[in-house]
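# based on what follows, work out the 3D shape:
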Amino acid sequence: MNDFFDFIFFKKRKPLLIYFIALFFSITINSQAREPELFVESVYSPEIPYVQQAVRYTLRFWRDSHLQQGYFLTPDIPDTILLEDEENKIRQVKRNGREYEVLEQQYFLIPQKSGEIKLPEPVFSSSKLFVKGKTLTLKVKPRPQSFSQKNWLIAKAISIEQKWTIP
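As a prediction, this is how the structure comes out:
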């Protein structure tokens with residue numbers, strides 16, 4: 001029994017205990033720092049848009065090996081107009097020291113009301129995979145009270161071009 005108390009209170013076998021603690025923390029830190037092999041994420045910009053302002057909504061499927069044939073399920077987002085921007089893009093990206101192949105699908109969504117709008121978890125699907133991301137919340141600002149006109153159009157730049165031909 002005396003040996004047990006000597007061990008607990010560091011009177012004997014200190015190097016063994018220190019080695020064990022160092023090994024435990026090393027394993028814990030390394031297991032938490034590892035990036036996943038595949039995951040889905042979604043991002044949007046601008047961060048806090050106005051009602052009826054176009055928001056770029058991007059879905060990404062990250063995989064550390066060659067991408068399988070697959071697709072994103074088109075999100076169903078109430079109180080918005082959703083427009084697909086273009087075809088999927090595939091690119092190579094290095095993230096936290098790991099090489100990924102990234103499949104990206106972009107949309108424009110146009111919120112039709114102010115307040116919070118839930119962006120559902122993005123889903124990538126293929127014959128062998130079904131991967132979900134995280135739900136996001138889009139906070140949409142109302143029209144400014146200082147805007148008194150009936151028609152509302154929010155844009156960074158607008159140009160109108162007209163050509164005339166003389167008969």
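
# hey, let's count contacts and neighbours off CA atoms from now on
Will do.

# just the strands in the chain please.
Using DSSP state E, the strands assigned to the chain run over residues 38-45, 55-63, 70-72, 80-84, 89-95, 98-111, 115-119, 123-126, 130-132, 136-140.

# among those strands, which is nearest Lys150?
Nearest of the strands of the chain to Lys150, taken as CA to CA: strand 98-111 at 17.8 Å.

# can I get the strands of the chain in CSV including distance to Glu161?
Below are those laid out as CSV (distance: least, CA to CA, whole Å):
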stretch, distance to Glu161
strand 38-45, 28
strand 55-63, 25
strand 70-72, 37
strand 80-84, 25
strand 89-95, 32
strand 98-111, 24
strand 115-119, 35
strand 123-126, 41
strand 130-132, 44
strand 136-140, 31
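
# for Thr165, find the nearest of those.
Thr165 lies closest to strand 80-84 among the strands of the chain, at 35.1 Å (CA to CA).

# break this protein down into its domains, please.
2-33, 38-140 (automatic domain parsing).

# residue ranges in this structure under the pLDDT threshold?
Along the chain, segments meeting pLDDT under 70 span 1-36, 67-68.

# swap in 80 and give it another go.
Applying pLDDT under 80 to the chain picks out residues 1-36, 65-68, 86-87, 148, 150-156.

# ok, which of the strands of the chain comes nearest Lys156?
Among the strands of the chain, strand 55-63 comes nearest to Lys156, with 12.5 Å by CA to CA.

# partners of the closest one in the sheet?
Sheet pairing here is set by DSSP bridges, and for strand 55-63 it gives strand 38-45 (antiparallel), strand 98-111 (antiparallel).

# mean neighbour count and distance to Ile81 for these - can I get that in TSV?
Output for those, formatted as TSV (neighbours: other CA atoms under 10 Å; distance: least, CA to CA, whole Å):
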stretch	mean neighbour count	distance to Ile81
strand 38-45	17	15
strand 98-111	20	5
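
# could I get the ones you listed as JSON lines with distance to Ile77?
Shown next, in JSON lines, are the strands paired with strand 55-63 (distance: least, CA to CA, whole Å):
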{"stretch": "strand 38-45", "distance to Ile77": "14"}
{"stretch": "strand 98-111", "distance to Ile77": "9"}
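
# closest one to Phe124 among those?
Set against Phe124 and scored by CA to CA, those come closest in strand 38-45, at 7.1 Å.

# ok, and what's touching the closest one?
55-64, 122-124, 131-134 (CA atoms under 8 Å, 6 or more residues apart in numbering).
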